[in-house]
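Chemist: take a look and give me a structure for this.
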Amino acid sequence: ANKPSRIRASYSYDPNKQTAKDIYNNPPNPFKVNLTSAYAQDEISVSKKFKVTPGIRIDYSFVGNQPTLDTSISKTSDYVSLASTYSHTPFSQLTNKWLGRAVLSPRLGFTYDALGNQKLMIRGGTGVFTGRMPFAWLGYAYTLSGENYGTIDYKPGGTTFVGLAIDPSHIRDTINKYSAASASTHEVDLIDNNFKLPSVWRSNLAADYKFGKGFKFTLDFLYTKTINDVKFQQINLKDSTVYLSSGPTETPVYVGGKINTKFSNVYLLTNTNDGFRYNITAQLTKAGTPVNFGKGHNYTINYTAAYT
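Modeler: Coordinates of the predicted model:
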């Protein structure tokens, strides 16, 4: 008993914030996010059969105060790997400043009455769509800035007796008795330069064909390509890897240790443009004739194939 193989924990630097209640009632580094959006759209009749619908959306997001940047970040040297598995903005260039720029999202849609009697309608559109993100992700950069919490990562290997710290506020003192270096690090979470809110380019093309007594067949193709998605990176690991001979053989295992031992972890919130998906849907509907005081039945059969 009391011979753990590893002990991991976090503790507050503030002596007045040692319990969950204290932190909940007075959280460190509160911040505000402002989101402002405007949208304009018009419908243009090119002819009796053909209409286009151009539109544009403007999103402007900004924060009241930017998160602080740990001074040791800019002094951290980048690790140079001969076979790199990841890349990031150099430590010396990271500013932890973000948003404050307008994002434009243009769209264009159309409808075409091919036969002039609304029996065969061709419709589609293309455009950029920008979404929101969970603000908790941004909160990491404010809360885990390096000035609020320390981290503990002690690996006694299951052979050393470590007395249990019943009071969480004393866990650092407990670990210091055995390994002061294991209780002297902290985690830093950063936001990449020019970080952008998630956005995709989405296009669709569809046809609706009416026939018979209330039948309609629809064929719809939808394609989505990532422009900016959210990605978290652990950038305090030396990019020195090995690969397992069995199991997840394509997953790199990082064996080089920390780049800067002052930090337990350095997580970077950044963007990626990886990812796409498409859907093809075929649908057959039958509209029933209203009977018995206007009540009727509609029948639908559809099939969707998707690929990501």
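Chemist: which residues sit in contact with the residue minimising distance to the centre of the chain?
Modeler: The centroid of the chain falls nearest to Val230 when counting by Cα atoms, centre = their mean (3.2 Å). The contact partners of Val230, taken as Cβ atoms under 8 Å, 6 or more residues apart in numbering, are Met133, Trp137, Pro198, Leu269, Asn271, Thr272. Bear in mind the C-beta positions are built from the backbone N, C-alpha and C, glycine included.
Chemist: who does the one helix or strand Leu190 maps to pair up with?
Modeler: Element membership of Leu190, judged by DSSP states H and E, is strand 186-191. Applying DSSP bridges, strand 186-191 is found paired with strand 263-272 (parallel).
Chemist: skip the chain neighbours and tell me the closest residue to Ala102.
Modeler: Excluding its sequence neighbours, the residue lying closest to Ala102 (Cβ to Cβ, 6 or more residues apart in numbering) is Tyr60, at 4.8 Å.
Chemist: in the stretch 51-200 of the chain, what residue spans correspond to helices?
Modeler: Using DSSP state H, counting those that start in this stretch, the helices assigned to the stretch 51-200 of the chain run over residues 135-143, 171-176.
Chemist: picking up where we left off before, okay, the contacts of Val230 in TSV with neighbour count next?
Modeler: Below are those laid out as TSV (neighbours: other Cβ atoms under 10 Å):
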residue	neighbour count
Met133	15
Trp137	13
Pro198	15
Leu269	19
Asn271	18
Thr272	11
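Chemist: shaky segments in the stretch 201-308 of the chain?
Modeler: 288-296 (pLDDT under 70).
Chemist: tell me where it has strands.
Modeler: Assigned by DSSP state E, counting those that start in this stretch, the stretch 201-308 of the chain shows strands spanning 215-234, 241-243, 252-254, 263-272, 276-287, 298-307.
Chemist: so what touches the third one?
Modeler: Translated: strand 252-254. In contact with strand 252-254 (Cβ under 8 Å, 6+ apart) are residues Thr85, Leu237, Lys238, Asp239, Ser240, Thr241, Val242, Tyr243, Leu244.
Chemist: do that again at 6 Å, thanks
Modeler: With contact meaning Cβ atoms under 6 Å, 6 or more residues apart in numbering, strand 252-254 is reached by Thr85, Leu237, Thr241, Val242.
Chemist: okay, and the beta partners of the last one?
Modeler: Here Val242 sits in beta bridges with Val253, going by DSSP bridges.
Chemist: ditto for Arg202
Modeler: With DSSP bridges as the rule, Arg202 is bridged to Gly127, Thr224.
Chemist: kindly report the same for the one 5 residues further on.
Modeler: Beta-bridge partners recorded for Ala207 (DSSP bridges): Ile122, Leu219.
Chemist: now do Ser12
Modeler: Under the criterion used here (DSSP bridges), Ser12 is bridged to Tyr149.
Chemist: return the distance of it relative to Tyr140.
Modeler: Ser12 sits 16 Å away from Tyr140, going by Cβ to Cβ, to the nearest Å.
Chemist: where exactly do the strands run in the stretch 51-200 of the chain?
Modeler: Under DSSP E, counting those that start in this stretch, the stretch 51-200 of the chain gives strands at 101-113, 120-130, 149-154, 186-191, 199-211.
Chemist: tell me the most buried of the ones you listed?
Modeler: strand 186-191 (a mean of 24; mean count of other Cβ atoms under 10 Å).
Chemist: ok, and what's touching it?
Modeler: By Cβ under 6 Å, 6+ apart, strand 186-191 touches 70, 94, 96, 98, 140-141, 144, 146, 150-151, 263-269.
Chemist: Ile44: which of the contacts of Val230 is nearest?
Modeler: Ile44 lies nearest to Pro198 out of the contacts of Val230, by Cβ to Cβ, at 30.1 Å.
Chemist: touching, the closest one and Thr130? I think so.
Modeler: No. Counting by Cβ atoms under 6 Å, Pro198 does not reach Thr130; the two are 7.1 Å apart.
Chemist: cross-check the contact I'm expecting between Thr36 and Ser61.
Modeler: No. Using Cβ under 6 Å, Thr36 is not in contact with Ser61, being 7.4 Å away.
Chemist: excluding chain neighbours, what is closest to Thr68?
Modeler: Counting by Cβ to Cβ, 6+ apart, the residue nearest Thr68 is Ser145, at 4.9 Å.
Chemist: the one you found and Gln283, how far apart?
Modeler: Counting by Cβ to Cβ - Ser145 and Gln283 are separated by 51 Å.
Chemist: when these two are compared, which one has more neighbours?
Modeler: Per other Cβ atoms under 10 Å, whichever of Ser145 and Gln283 has more neighbours is Ser145, with 21 against 16.
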